[in-house]
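Asker: sequence and predicted structure are below.
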Amino acid sequence: MTPEQILQQYFGYDSFRKGQDELIRAILSGQDVLGIMPTGAGKSICYQVPAMLLEGMTIVISPLISLMHDQVRALLENGIPAAYLNSSLDEETYRRTLAKVYSGEVRILYAAPERLETESFLRIAQDVRIAMVTVDEAHCVSQWGQDFRPSYMKIIEFLKRLPYRPILSAFTATATQEVAEDIVRILGLDHPYTLTTGFDRENLYFGVMQPRDKFATLLQLLREHEGEAGIVYCLTRKSVEAVTESLNENGIDARRYHAGLSDEERSRNQEDFLYDRVPVIVATNAFGMGIDKSNVSFVIHYNMPKNLESYYQEAGRAGRDGSRAECILLYGPGDVRTNQFMIDHSSDNDQLDEETRIRLREKEQERLKLMTFYCTRHECLRSYMLRYFGENTPNYCGNCSSCRTNYEKRDISVDALKIVSCIYRLHQRNLHFGTKAVIDVLRGSKAEKYEKFKFADTLSTYGIMQDVSEKQCREMIDYLLAENWITKGGEYSTLNLNRRSAQLLKERPALSMNVVKDEKPAPPSRRENGLPADVDEGLFAKLKAERAAISKREGVPAYIIFTDAALQDMARKKPVSDMAFLAVSGVGRVKLDKYGPRFLKVIQDYLAEK
């Protein structure tokens with residue numbers, strides 16, 4: 001069979017997406033590959049298709065049990081012989097799986113990196129022909145990545161113990177140039193065919209909001225998305241508990257998920273979400289890689305993550321099937337302090353020397369700064385993220401909160417001079433303040449804690465911006481930080497001066513920034529991701545009901561039967577024959593045989609009623 005035939009018969013697609021064909025051809029020619037593709041771009045296809053054509057078994061190294069479960073379940077639904085070996089299997093199931101592996105029944109075997117050290121797994125690698133080893137979430141191998149996992153270092157030792165070298169393929173959704181080079185070097189990829197398809201997810205709307213009341217805003221957003229599946233990310237377990245409890249008290253059916261829960265509750269809550277028994281899950285980043293639910297229509301970050309890599313990966317869990325989805329970040333200045341605290345008090349990796357630890361911490365602080373700029377700068381959010389990952393794009397996308405907000409350029413030259421002068425005057429007194437305290441001085445705060453400094457009588461910059469709101473002052477300081485006119489650092493994140501500060505004080509350049517027009521405040525974010533105009537809404541609803549009934553009966557998540565995108569295509573094309581049903585995107589021969597009669601009957605009955 002050809003790759004195209006495999007794609008059509010087992011996965012139900014007529015053509016490959018961008019980058020898939022090139023990576024598959026490289027693997028089939030015996031070449032190592034590195035694929036950097038955004039979430040939802042179809043990374044799995046790139047190793048699953050060649051795995052069906054190579055002589056021997058493919059081992060996929062994956063970091064999370066939940067990811068293995070979803071991937072294997074989806075493959076089996078498509079008629080592809082796959083299995084996994086991990087700690088969730090009881091002894092009898094483990095033995096049966098091993099027997100299938102040795103008999104050649106398994107084409108794709110998933111395993112966690114920790115499993116590679118066991119003698120039983122090493123015997124598999126030595127006794128069974130291994131055609132390819134695939135490293136999923138490959139950025140975990142790099143200590144400079146956002147999610148370094150020491151367990152991934154076991155992969156290198158495992159590869160060394162194989163009797164011969166298989167093809168190596170590595171895939172990740174987020175990798176800077178530095179991390180990509182690390183992946184190639186550490187895994188020992190041999191002159192790999194490397195392809196970055198681009199990080200843009202056009203179906204995703206990106207928004208940043210800075211609400212006075214985060215929870216009230218969250219409640220409003222969830223009510224706008226009533227009946228849809230979504231994830232709310234929080235920074236801490238405490239926040240997860242508080243938000244979940246408050247949502248339930250306000251009539252929103254939500255479950256919690258964090259590392260402090262029992263394995264049983266985490267598993268139960270995750271299953272409820274994956275099986276559409278509950279629409280909303282509130283989680284820390286413990287609810288992370290491997291959440292393969294295709295019909296997530298929104299991801300809301302209740303707090304700002306500590307870096308853009310994490311944010312883009314977490315937000316990217318929305319709209320995996322290509323449907324429009326929203327990614328909203330609710331930003332507050334306290335998020336920066338919480339993240340800084342977490343960086344300062346993170347548990348150090350014992351495998352790293354002191355110099356490397358310091359460099360890693362500095363790297364994390366730099367990432368936090370850039371994440372903060374994403375939240376505070378009034379420029380195209382999509383363009384900002386894509387530039388971070390090395391892509392040059394126009395500074396307008398039309399599908400983010402910045403591009404949809406009515407801004408105007410405002411000259412801030414005088415105010416910028418006042419801010420920098422105030423920091424300078426404070427430094428002359430050996431006083432180093434954070435953003436809030438500097439704003440208080442500029443606005444002439446009468447708070448008791450400042451009385452001892454006698455600013456009113458002795459500091460020329462005290463109160464010189466008393467007519468400017470605290471919000472406007474903060475926005476200008478955020479702008480000066482982003483443009484490196486001033487810096488922030490130290491244990492207490494104080495505002496500091498640099499060479500550009502001196503330049504501003506001496507040369508007084510003209511500075512301007514985007515501000516929201518007061519006379520036309522930006523409207524609140526509204527949904528725009530309804531069904532496409534050519535999709536029959538009534539038929540789509542009936543198809544969803546049929547899918548839900550099958551999901552409940554067979555005990556598999558609805559999206560594994562058919563994605564929302566596949567149901568939309570059915571409601572668009574209205575097939576009434578087997579051949580026409582095969583033309584639906586996401587319908588392969590196995591799913592036609594298994595589900596075709598039931599869905600075709602729904603369509604035929606609907607058309608008869610009409």
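Answerer: Noted; the coordinates are in hand. Residues are numbered from 1 along each chain as shown.
Asker: going forward, measure contacts between C-alpha atoms and count neighbours the same way
Answerer: OK.
Asker: return the residues in contact with the residue of the chain most remote from its centre.
Answerer: The C-alpha centroid of the chain is most remote from Asp457, which lies 51.4 Å away (C-alpha atoms, centre = their mean). If you count contacts by C-alpha atoms under 8 Å, 6 or more residues apart in numbering, Asp457 has none.
Asker: which strand or helix spans it?
Answerer: Element membership for Asp457, per DSSP states H and E: helix 455-458.
Asker: same check, this time on Ala545
Answerer: Following DSSP H and E, one finds Ala545 within helix 537-554.
Asker: what's the following helix or strand after that helix?
Answerer: The C-terminal neighbour of helix 537-554 among helices and strands, as given by DSSP H and E, is helix 558-561.
Asker: using the three-state scheme, assign Arg410.
Answerer: Classification of Arg410 using DSSP: H, G, I helix; E, B strand; the rest coil returns strand.
Asker: neighbours of it, how many?
Answerer: Per other C-alpha atoms under 10 Å, the neighbour tally for Arg410 reads 13.
Asker: cool, Arg185 as well?
Answerer: Residues contacting Arg185 under the criterion other C-alpha under 10 Å number 12.
Asker: looking at this, Phe148 is in a strand?
Answerer: No - going by three-state DSSP, the assignment for Phe148 is coil, not a strand.
Asker: so who does the nearest residue to it once chain neighbours are set aside touch?
Answerer: In space, and not counting its chain neighbours, Phe148 is closest to Cys140: 4.4 Å by C-alpha to C-alpha, 6 or more residues apart in numbering. Taking C-alpha under 8 Å, 6+ apart as the contact definition, Cys140 lies against Gln146, Asp147, Phe148, Arg149, Tyr152.
Asker: need the three-state assignment for Cys140.
Answerer: helix.
Asker: and the gap between it and Val179?
Answerer: Distance, Cys140 to Val179, by C-alpha to C-alpha, to the nearest Å: 9 Å.
Asker: so how far is Glu119 from the residue nearest to Phe148?
Answerer: Counting by C-alpha to C-alpha - Cys140 and Glu119 are separated by 24 Å.
Asker: specify the residue ranges that define each domain of the protein.
Answerer: Following automatic domain parsing, one finds the domains of the chain at 3-196, 204-360+383-388, 408-516, 537-609.
Asker: next SSE after the helix holding Asp457?
Answerer: Heading C-terminal from helix 455-458, the first helix or strand you meet, by DSSP H and E, is helix 470-482.
Asker: pull out the buried residues from that following helix.
Answerer: By 16 or more other C-alpha atoms under 10 Å, the buried positions in helix 470-482 come out as Glu470, Cys473, Arg474, Glu475, Met476, Ile477, Asp478, Tyr479, Leu480, Leu481, Ala482.
Asker: reformat those as CSV; add pLDDT.
Answerer: Shown next, in CSV, are the buried residues of helix 470-482 (pLDDT from 0 to 100):
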residue, pLDDT
Glu470, 92
Cys473, 94
Arg474, 91
Glu475, 89
Met476, 93
Ile477, 94
Asp478, 89
Tyr479, 90
Leu480, 93
Leu481, 91
Ala482, 85
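Asker: which one of these sits closest to Glu92?
Answerer: Ala482 (57.8 Å; C-alpha to C-alpha).
Asker: residues contacting that closest one?
Answerer: By C-alpha under 8 Å, 6+ apart, the neighbours of Ala482 are Phe373, Arg377.
Asker: same thing but at 6 Å, please
Answerer: The neighbours of Ala482, taking C-alpha atoms under 6 Å, 6 or more residues apart in numbering as the test, are Phe373.
Asker: bridging residues for the residue lying closest to His432 once chain neighbours are set aside?
Answerer: Counting by C-alpha to C-alpha, 6+ apart, Thr494 is the residue found nearest to His432 once chain neighbours are left out, at 5.9 Å. When bridges are called by DSSP bridges, Thr494 pairs up with Gly489.
Asker: longest helix anywhere in the chain?
Answerer: With secondary structure taken from DSSP state H, the chain has its longest helix at helix 354-376.
Asker: can you show me the CA trace of the helix or strand following it as CSV?
Answerer: Counting by DSSP H and E, the element after helix 354-376 in chain order, helix or strand, is helix 381-388. C-alpha atoms of helix 381-388 as CSV (Å, rounded to 0.1, in the frame of the first residue of the first chain):
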residue,chain,number,x,y,z
LEU,A,381,-1.0,38.8,19.9
ARG,A,382,-0.6,36.1,17.2
SER,A,383,2.2,38.0,15.6
TYR,A,384,4.0,38.4,18.9
MET,A,385,3.8,34.7,19.6
LEU,A,386,4.9,33.7,16.1
ARG,A,387,7.9,36.0,16.2
TYR,A,388,8.9,34.4,19.5
